[in-house]
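Asks: Below: sequence and its predicted model.
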Amino acid sequence: MAAAAKAQKAKEKSDRPLKDKRGEEQDGIVALWDAVDQRRWDELIAKADRSALEQSSAYGMAMSRASAYTPVTAVFMRGPERVALALILEWRFPGGFRIAKLTRGPVFLADVTDTERAAIFRLIKQRYPVAKLNLFFMTPELPAGAESDALLRGIGMRPMVTGYSTVWLDLRPELEALRAGLHMKWRNQLKLAEAEPIRVRSGFGGAPMEWLLARHDQHRKRRKFRAPAGAFVAAIADSGRDKRATQVFTAYVGSEPIAAILTVRHGTSATYYVGWTGVEGREKQAHNLLLWKAITKLKEVGVEWLDLGGVDGLHMPGVSRFKLGVGGELVTLAGTYL
């Protein structure tokens, strides 16, 4: 009995994330695995120029609540300087087998050379050697193209899925410049919405979020498209240290809601994550007004970049035209590698 208890205790200890673990060094870059807590991770992410939601602590913790994945963090050092971060999700099985995935990372905090960039990716890959029963998927925040493909093939990875596309909107210009950058049709629709008797209210959770997520789930199931479940979106809102990071903007005519969107702040970036509109909302161009109000509010609280989410001209042409009409930068990523 004592031996069995001892073995179980040793197993539980081995399953726990290691703290302050110094990884191997590659070309002057050192990886520190699970060396920071949630508060410190959020502080470091805020130092990045821009970052994706999938690299936020709230997203990682929501995944641990909604699935068998556990978030693992890496901080990459160049001497005393932190130059990059990566949040990886691991699913651990008995016997040491792991499935891991890096989505839209690493996040870079400083300029690095091509050699240092390759070293960071190599250090991540080395954590998951195939010989030790690891299955590792990497969907990096790298632009599609020959250079990114060569980097990833150079560390022994091969392409599996073509790249995801999104639109990044730079919120640092003045509002007047941002409005002037809207495509003409989008700007005209915004003017029409502003002339309608629509009131926009914003809040953090509560009944407006429940209303939006219920309709989001109904729409998602009816149309059978890939989108986060409402329960997972709520888990993100609940998992973040800042309970005001997830914000709902709702459009009303009288006392009736006709459309709503949800944004999530992470560092100096934010993501337009969920949206829904009914027939009246579409007729009154409520979505244009909601997104413009969100842009205004996010800019007020210091957000510098807004990720408008996936665009897919083939399967979601209307949604893609709407997002592209805001005038941001269309970015297609390198894809998923194994």
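Replies: Received the coordinates, thanks. Numbering: from 1, shown residues only.

Asks: ok, now which ones touch G203?
Replies: Going by CB atoms under 8 Å, 6 or more residues apart in numbering, G203 touches M209, Q247, V248, T250. Quick note: C-beta positions are derived from backbone N, CA and C, even for glycine.

Asks: Let me see the contact set for K284.
Replies: K284 neighbours (CB under 8 Å, 6+ apart): L192, A193, E196, I198, A251, V253, I258.

Asks: per-residue confidence for the last one?
Replies: What the model reports for I258 is a pLDDT of 98.

Asks: Next: Y59.
Replies: 98.

Asks: ok, the residue nearest in space to the middle of the chain - contacts?
Replies: The centre of the chain sits closest to L53, judged by CA atoms, centre = their mean, with a distance of 2.0 Å. Contact analysis of L53 by CB under 8 Å, 6+ apart lists Y59, R104, I236, V264, H266, S269, T271, Y273, D307.

Asks: Give me the number of neighbouring residues for the nearest residue to the fifth one once chain neighbours are set aside.
Replies: With CB to CB, 6 or more residues apart in numbering as the measure, S56 is the residue that lies nearest to H266, at 3.8 Å, once sequence neighbours are left out. Here the count is done by other CB atoms under 10 Å, and S56 has 28 residues near it.

Asks: S56 and A84, how far apart?
Replies: S56 sits 15 Å away from A84, going by CB to CB, to the nearest Å.

Asks: And Q218, by the same measure?
Replies: From Q218 to A84 the distance is 40 Å (CB to CB).

Asks: Those two: which is more packed in?
Replies: Using other CB under 10 Å as the criterion, Q218 and A84 rank with A84 on top: 27 against 12.

Asks: so which helix or strand takes in that one?
Replies: strand 81-92 (DSSP states H and E).

Asks: sec struct for the closest residue to A235 other than its chain neighbours, please.
Replies: When the adjacent residues along the chain are set aside, A235 lies closest to A62, with 3.8 Å between them (CB to CB, 6+ apart). Three-state assignment for A62 (DSSP: H, G, I helix; E, B strand; the rest coil): helix.

Asks: so A62 touches A229, yeah?
Replies: No: contact criterion CB atoms under 8 Å: A62 and A229 do not qualify, at 10.8 Å.

Asks: More neighbours: those two, which one.
Replies: The residue with more neighbours, out of A62 and A229, is A62; 23 against 14, by other CB under 10 Å.

Asks: Return the residues in contact with that one.
Replies: Contacts of A62 by CB under 8 Å, 6+ apart are F232, A235, I236, D238, S239.

Asks: Could you tell me which of the contacts of K284 count as buried?
Replies: A193, I198, A251, V253, I258 (16 or more other CB atoms under 10 Å).

Asks: For the closest residue to the second one other than its chain neighbours, which residues are in contact?
Replies: For I198, the nearest residue in space outside its immediate sequence neighbours is A251; the separation is 5.1 Å by CB to CB, 6+ apart. Contact criterion CB under 8 Å, 6+ apart gives I198, R199, V200, P257, I258, A259, A260, G281, K284, A286, L289, L290 as the residues in contact with A251.

Asks: which of those residues lies closest to A177?
Replies: L289 (19.2 Å; CB to CB).

Asks: so the closest one sits in a helix?
Replies: Yes: under three-state DSSP, L289 sits within a helix.

Asks: doesn't R187 make contact with it?
Replies: No: L289 is beyond contact range of R187, at 11.8 Å (criterion: CB under 8 Å).

Asks: Neighbour count for the two, which is higher?
Replies: Neighbour totals were compared for L289 and R187, and L289 leads with 23 against 18 (other CB under 10 Å).

Asks: Remind me what the top helix by length along the chain packs against, helices and strands.
Replies: Counting residues, the longest helix found in the chain (DSSP state H) is helix 206-223. The contact analysis (3 or more CB pairs under 8 Å, 6 or more residues apart in numbering; DSSP states H and E) places helix 206-223 against helix 230-239, strand 246-253, strand 256-266, strand 269-277.
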